[in-house]
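Undergrad: model the structure of this input:
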Amino acid sequence: MKLLTLFLKIFKWIFFLVILPVLLYLGLAALFSYWGTSPKKLACSANQIIYVSSNGMHIDLVLPKDLLPASFVSYLSPNNKTKYYAIGWGDKGFYLDTPTWAELKASTAMKAMLIKSPTAMHVTQYRAKQPHWVPIAVCAEQITILNQHITSTFEKDTKGNPVEIIGAGYTPDDRFYEAHGNYTGIKTCNIWVNQGLKKASIKTSRWSPFVFGILHHAEKQASALNLK
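TA: Okay, the predicted model is just below:
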């Protein structure tokens, strides 16, 4: 009987300290991911296309090269054949220590979610549009807002140039840069994209720590406009 009582006490503490917070987090994430924003209407024509790209866990903003500031692109080691830049923000340790999902360690994931940690920007160059990208129609004002969101997150040196993390890229077509902000379970890599879309008055999730909320709203809008 004493052993059973002890077991129940331990289970109760585990439930309230671990299981319940996780369930609440996942429940709120689902609720606020599918609950869409009500963006204000801008007085401009949505005649340009940007994209969001997901690998199932992480989401990037993808902009055609011509829609990014030329002065900014010049610091991203541009390739003459590059047509698109996929840009994301995330936990620095996670980014640099996990080239593939097969190399993901539980300790790395837990640290990223539970401890405030430094961040990095990940920039990948593409020569062609990828089939899994989800298109979003935007206007000139929205592009300006998104560019401000992107460029202001990069940490700059004394000359105002992005600070590259030398030798950290996975391939010749991607690079890492120092970034502002800290990563937590409340502000994940996907929240950074979500915040950018909200700033630009693009309908998206109220709060989306995971990819599915952002993709849900983006795909719904793309279907409504026959972009996919």
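
Undergrad: tell me which residue is most central in the chain.
TA: residue 190 (3.3 Å; Cα atoms, centre = their mean).

Undergrad: for this protein, where's the lowest mean pLDDT among helices and strands?
TA: helix 106-114 (a mean of 54; mean pLDDT, DSSP states H and E).

Undergrad: what are the ranges of the strands in the chain?
TA: 48-54, 59-64, 84-91, 117-126, 134-138, 174-183 (DSSP state E).

Undergrad: could you redo those as a markdown table and give each row mean pLDDT, mean neighbour count and distance to residue 162?
TA: Bear in mind the C-beta positions are built from the backbone N, C-alpha and C, glycine included. Supplementary listing: the strands of the chain in a markdown table, determined by pLDDT from 0 to 100; neighbours: other Cβ atoms under 10 Å; distance: least, Cβ to Cβ, whole Å:
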| stretch | mean pLDDT | mean neighbour count | distance to residue 162 |
| --- | --- | --- | --- |
| strand 48-54 | 96 | 21 | 20 |
| strand 59-64 | 97 | 23 | 15 |
| strand 84-91 | 95 | 24 | 11 |
| strand 117-126 | 93 | 21 | 8 |
| strand 134-138 | 96 | 22 | 23 |
| strand 174-183 | 94 | 19 | 5 |
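
Undergrad: okay, now the unreliable bits of the protein?
TA: Where the chain drops to pLDDT under 70, the residues are 1-21, 98-116, 228.

Undergrad: and the residue nearest to the centre of the chain, how far from residue 29?
TA: 10 Å (Cβ to Cβ, to the nearest Å).

Undergrad: neighbours of residue 204, just the number please.
TA: Neighbourhood size, residue 204 [other Cβ atoms under 10 Å]: 27.

Undergrad: quick check: it touching residue 216?
TA: No: Residue 204 is beyond contact range of residue 216, at 9.1 Å (criterion: Cβ atoms under 8 Å).

Undergrad: ok, residue 121 - contacts?
TA: For residue 121, the contact set (Cβ atoms under 8 Å, 6 or more residues apart in numbering) comprises 87-89, 153-154, 162, 176-179.

Undergrad: can you pull out the helices in this protein?
TA: 2-14, 20-34, 70-73, 92-97, 106-114, 140-153, 189-199, 211-224 (DSSP state H).
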